[in-house]
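> Everything below, folded, please.
(2 chains)
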Number of protein chains: 2
Amino acid sequence: MNASIPAITTGPLPASSKVHVQGTLHDITVPMRQIEVSDECPLNVYDSSGPYTDIAISIDIAKGLADSRGDWLRHRGDVEEYDGRTITAADNGFAEGERLTPAFPNQRRPMRAVGDRAVTQMAYARAGIITPEMEFVAIRENIGRTQALKEERDGEDFGACIPDFVTPEFVRQEIASGRAIIPANINHRELEPMIIGRNFLVKINANIGNSAVTSSMEEEVEKMVWSIRWGADTVMDLSTGRNIHNIRDWIIRNAPVPIGTVPLYQALEKVGGIAEDLTWEIFRDTLIEQAEQGVDYFTIHAGVRLHMIPLTARRVTGIVSRGGSIMAKWCLHHHRESFLYEHFEEICDICRRYDVSFSLGDGLRPGAIADANDAAQFAELETLGELTKIAWAKDCQVMIEGPGHVPMHKIKANMDKQLEHCHEAPFYTLGPLTTDIAPGYDHITSAIGAAMIGWFGTAMLCYVTPKEHLGLPDRNDVKTGVITYKLAAHAADLAKGHPGARMRDDALSRARFEFRWEDQFNLGLDPDTARSMHDETLPKQAHKVSHFCSMCGPKFCSMKISHDIRAEAEKQDGMQQMAGKFREGGQLYVPVTEPAE
Amino acid sequence: MNASIPAITTGPLPASSKVHVQGTLHDITVPMRQIEVSDECPLNVYDSSGPYTDIAISIDIAKGLADSRGDWLRHRGDVEEYDGRTITAADNGFAEGERLTPAFPNQRRPMRAVGDRAVTQMAYARAGIITPEMEFVAIRENIGRTQALKEERDGEDFGACIPDFVTPEFVRQEIASGRAIIPANINHRELEPMIIGRNFLVKINANIGNSAVTSSMEEEVEKMVWSIRWGADTVMDLSTGRNIHNIRDWIIRNAPVPIGTVPLYQALEKVGGIAEDLTWEIFRDTLIEQAEQGVDYFTIHAGVRLHMIPLTARRVTGIVSRGGSIMAKWCLHHHRESFLYEHFEEICDICRRYDVSFSLGDGLRPGAIADANDAAQFAELETLGELTKIAWAKDCQVMIEGPGHVPMHKIKANMDKQLEHCHEAPFYTLGPLTTDIAPGYDHITSAIGAAMIGWFGTAMLCYVTPKEHLGLPDRNDVKTGVITYKLAAHAADLAKGHPGARMRDDALSRARFEFRWEDQFNLGLDPDTARSMHDETLPKQAHKVSHFCSMCGPKFCSMKISHDIRAEAEKQDGMQQMAGKFREGGQLYVPVTEPAE
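Have a look, this model is predicted:
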């Protein structure tokens, strides 16, 4: 590949442009995607894709995205720049020469809290402060709600508390209570803030990771850009091996979405992959390293405790979380309590200094239908609840990771127990997969569980790609996983009754009924795939305006016939008058409840 | 294509062979698929693929499959062979010469009931007779149940009544009560009977149809063979246009699964596509034509009544069922009640003579989230319940078609109302799709709804392919649709708590944990795709026996580490003893409910 041509996907999605809404409390600009629709008002939709889809912004990954949060942070007066930790060869797995990914060229000095101040969104929220981040997410979450106010609320929210309109004050309250988080490390100044909580839109996460062969910075940044283009709200960088420090820098400096990591992976690399050799000191140093880079949330498997490990002895698939298995091995080898558990307060002290959110890892999640909802899983969940309280006492933001493999009838119990034991901290689940028998289709098996648990109250869904259990996802797999999870999250939003969530469905269905093919493609989650599938059957441009469904042909097109029916009804009597007659119980139109015999 | 090489897919799936179980009440042989598993007993699974996957049987589509049911039927002594209706040029849309698909060469004379006898499974069931068909399905449904008796029952069945063991007598009772049907036209003698009912395994249907260009008989038969190879339990032939009589003959004579049709489509062809020109006489003649061919179930849109049509006036997508829209147009044009509704008893008289089951069509199903659960939909559902009683009075078997597009929170109401209004007749739904915004991914959007409604009690799920709303599915789309629906149906079976349903999940998960890659592929729903995805990341044969997960590599493989942990635990103390210590509240292993501080 020619190094002078960066392989970053830019440009808007079809028929789309970027629009911006200004804040009123703060000097902020919130981007949205506007989709042009023929004969209708354009539709604004939530947009996680960042500046990459904004034609007004030119992308240079060596410069990184604009520092939009710097002023917000300095304005708070509780942070200081400092020299930061010295990067060591170990941070990049001792890669050198040609094998070393170059450092990101435009480094900023890191920031941290002054003294022992907590600079977390939770700390501000509890102090009654509405931050720019809070107003930003309120504006994003409100898309369509003003218009939706005119319509009756619909949905079943299982005790969630979804407001008609999301005010910045509502955001503040939710964060203060721990029911929502805004993952926003003070060193991730390129961030467009987003919120994760049961009373907000359901979010999705995409996992990315470096390739085994040395890959270029462009390739690694492109994985993130590609994920958010299709709708990933956060991205976890699960890279292992060499160069992970430098790659992480390239990713974060170019990421408009929160970046999560599992610091244990890098710590394990630093001890040559020998779990038993892990120490608190190495782990602690890795946390600071990543906090200074701007990682927005850390998966910390502090809930895996020594006494729980025997509970996995009879499991069909043992421990399937990487972090969980590493910590279990460490605990068992040393016959000691987990250093993550023992040092949890110190971990909190680091996180509050940079506002790194916790994603408390479910190291003992089930990896098979047979292991779902077992003693090991729920023992850990109770510990995660205990840790949540410790973190909250330090003003740290927390979400809780969840399963895994769970049959449908056991999904609700996961949500209910999580709400109870973890005090309504946001839940963040992997699927769950509802069967074990479909390798190659686990994005689908898990989308079923994800949509359901999202409906029940899970705040963020970690995607699963078709390659789950089989291999490394490629570009197409990532896109398939993201789109699949976007539709699952949207199904959950609809069922929860988020005001305005149905606007896009309605716009697309109107386009479908009116044979506006282009609008139908453009309003869908994946316009390119929809268009190419239509082209396979009816390739000609003329068919994009044809007044029949491509599947049935003109004679058998129910929608065409529906239009004929409406036209005929207009001619005969007027459909509305007929409906009126029916309602009045006219002779022809007998009441439905008493069918004529 | 060389006509001498039939393009029919035959041969077993990987590591699979056909095994047979003999009946005890009747001289019947029930085929199953047996999957070889290394170091474990082979696993028997339900097999809808028919003789095509049996290496002992050679396929010649010009001969058709063996006449396995002829003796059963003659033994009952209530049927007669007769000359049957004369095939007209109109039956094939006046195709002639090269454009005419040749007639199936080995025609049998059709059978019908003697006099006004009812020869339906329901009539026999009500008379206390256990037919060979009933014993056949009992044996099929019982796969794994003997072994499952050892395990505790699990699942939530929402008031279904799933027995530990399916006896032929239980089948008889379910059919007598109308809670289940065995679609089995007496003229479909090649059939391997299957059952559709809430207390049996969830089934799936695949739709096929002829191509716009003239296609060969092999191509049309292959579509059916391909669908059942991947797991379709029934196939609907939705062909339109020319040659549909002859194509249907080729399909049925080679079909081991029930074939369903929408007779209205052919009737419409006979009147040149002009809905207004349809008459009861033409429709009636078409029913007899198809009943003589052996169609096992008819979709009949008799629930669309004149007075309901105005209820669709304000819908976003009007009427989206082809049959529903055709009938609505007819009703409105003539300002008359539907001839299907008015002649419903006569339709029953035909169906009872051949044992054609009813699939009462949901002509007013919602085609958009906005239209879900509306007055039109539920008015029709009540009428379908009324028609069910009429059909049952004539000893006809009935299932009820359902939606469509329904958000998750409105799905359960569909099931509950169907059970109530339709007196527990089996429900047969299309999805439902849980959002409208993902054209190109509607197999997934609908699998979410299908799995849920299957769990709630739907007996059969009609598949949706990725091309839904966009174009005609090709071979890959059909396979994707079938596998997607198999996993959704299986998710429902697990959640309902069918004894033995989890055996395949457990076997696959054990294989996964023990790095038996070949077993993992072979036990999955789509071994070929699983294998090829694994090959993409780790192509070498050596990796098929490698003791780590292909995604993570050896250092980060949680399952490898789990094995290390178990080995280490054995060494230290023995995992079980440790678990014992823990349970006794030893010093190290503190009780989970009281975490040590």
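> Contacts only, for the residue in the stretch 1-150 of chain A positioned nearest to chain B.
The nearest approach of the stretch 1-150 of chain A to chain B comes at A:V45, 9.4 Å away (Cβ to the nearest Cβ). All C-beta atoms are positioned from the backbone trio N, CA, C, and that covers glycine. The contact partners of A:V45, by Cβ atoms under 8 Å, 6 or more residues apart in numbering or on different chains, come to A:32-35, A:143, A:504.
> Quick one: the helices in the stretch 301-450 of chain A, in order.
Ranges of helices in the stretch 301-450 of chain A, per DSSP state H, counting those that start in this stretch, are A:322-334, A:339-342, A:344-354, A:375-393, A:411-421, A:442-456.
> Columns mean pLDDT on top of those, output as JSON lines?
Putting these into JSON lines (pLDDT from 0 to 100) gives the following:
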{"stretch": "helix A:322-334", "mean pLDDT": "95"}
{"stretch": "helix A:339-342", "mean pLDDT": "98"}
{"stretch": "helix A:344-354", "mean pLDDT": "98"}
{"stretch": "helix A:375-393", "mean pLDDT": "98"}
{"stretch": "helix A:411-421", "mean pLDDT": "98"}
{"stretch": "helix A:442-456", "mean pLDDT": "98"}
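> Please identify the most buried of those.
Across the helices of the stretch 301-450 of chain A, averaging neighbours per residue (mean count of other Cβ atoms under 10 Å in any protein chain shown) puts helix A:442-456 on top, at a mean of 30.
> Now find how far off-centre that one is within its chain.
The chain centroid and the centroid of helix A:442-456 are separated by 14 Å, computed with Cα atoms, centre = their mean, to the nearest Å.
> Show me what it packs onto, helices and strands only.
Here helix A:442-456 touches helix A:411-421, strand A:427-430, strand A:460-462, helix A:475-496, helix B:442-456, helix B:475-496, going by 3 or more Cβ pairs under 8 Å, 6 or more residues apart in numbering or on different chains; DSSP states H and E.
> could I get these as CSV with distance to B:A56?
Formatted as CSV, these follow (distance: least, Cβ to Cβ, whole Å):
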stretch, distance to B:A56
helix A:411-421, 43
strand A:427-430, 44
strand A:460-462, 47
helix A:475-496, 39
helix B:442-456, 34
helix B:475-496, 25
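> Point out the one among these that comes closest to A:G97.
The closest of the helices and strands packed on helix A:442-456 to A:G97 is helix A:475-496. By Cβ to Cβ, the value is 28.7 Å.
> Now the closest one - C-alpha only, PDB.
Provided in PDB are the C-alpha atoms of helix A:475-496 (Å, rounded to 0.1, in the frame of the first residue of the first chain):
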ATOM      1  CA  ARG A 475     -13.600  -5.900   7.800                       C
ATOM      2  CA  ASN A 476     -16.900  -7.500   6.500                       C
ATOM      3  CA  ASP A 477     -17.300  -9.400   9.800                       C
ATOM      4  CA  VAL A 478     -16.900  -6.200  11.800                       C
ATOM      5  CA  LYS A 479     -19.500  -4.400   9.700                       C
ATOM      6  CA  THR A 480     -21.900  -7.400  10.000                       C
ATOM      7  CA  GLY A 481     -21.400  -7.500  13.700                       C
ATOM      8  CA  VAL A 482     -21.900  -3.700  14.100                       C
ATOM      9  CA  ILE A 483     -25.100  -3.600  12.000                       C
ATOM     10  CA  THR A 484     -26.500  -6.600  13.700                       C
ATOM     11  CA  TYR A 485     -26.000  -5.000  17.100                       C
ATOM     12  CA  LYS A 486     -27.400  -1.700  15.900                       C
ATOM     13  CA  LEU A 487     -30.600  -3.400  14.900                       C
ATOM     14  CA  ALA A 488     -30.700  -5.300  18.200                       C
ATOM     15  CA  ALA A 489     -30.200  -2.100  20.200                       C
ATOM     16  CA  HIS A 490     -32.800  -0.400  18.100                       C
ATOM     17  CA  ALA A 491     -35.300  -3.200  18.700                       C
ATOM     18  CA  ALA A 492     -34.600  -2.700  22.400                       C
ATOM     19  CA  ASP A 493     -35.100   1.100  22.100                       C
ATOM     20  CA  LEU A 494     -38.500   0.500  20.400                       C
ATOM     21  CA  ALA A 495     -39.600  -2.000  22.900                       C
ATOM     22  CA  LYS A 496     -38.600   0.200  25.900                       C
END
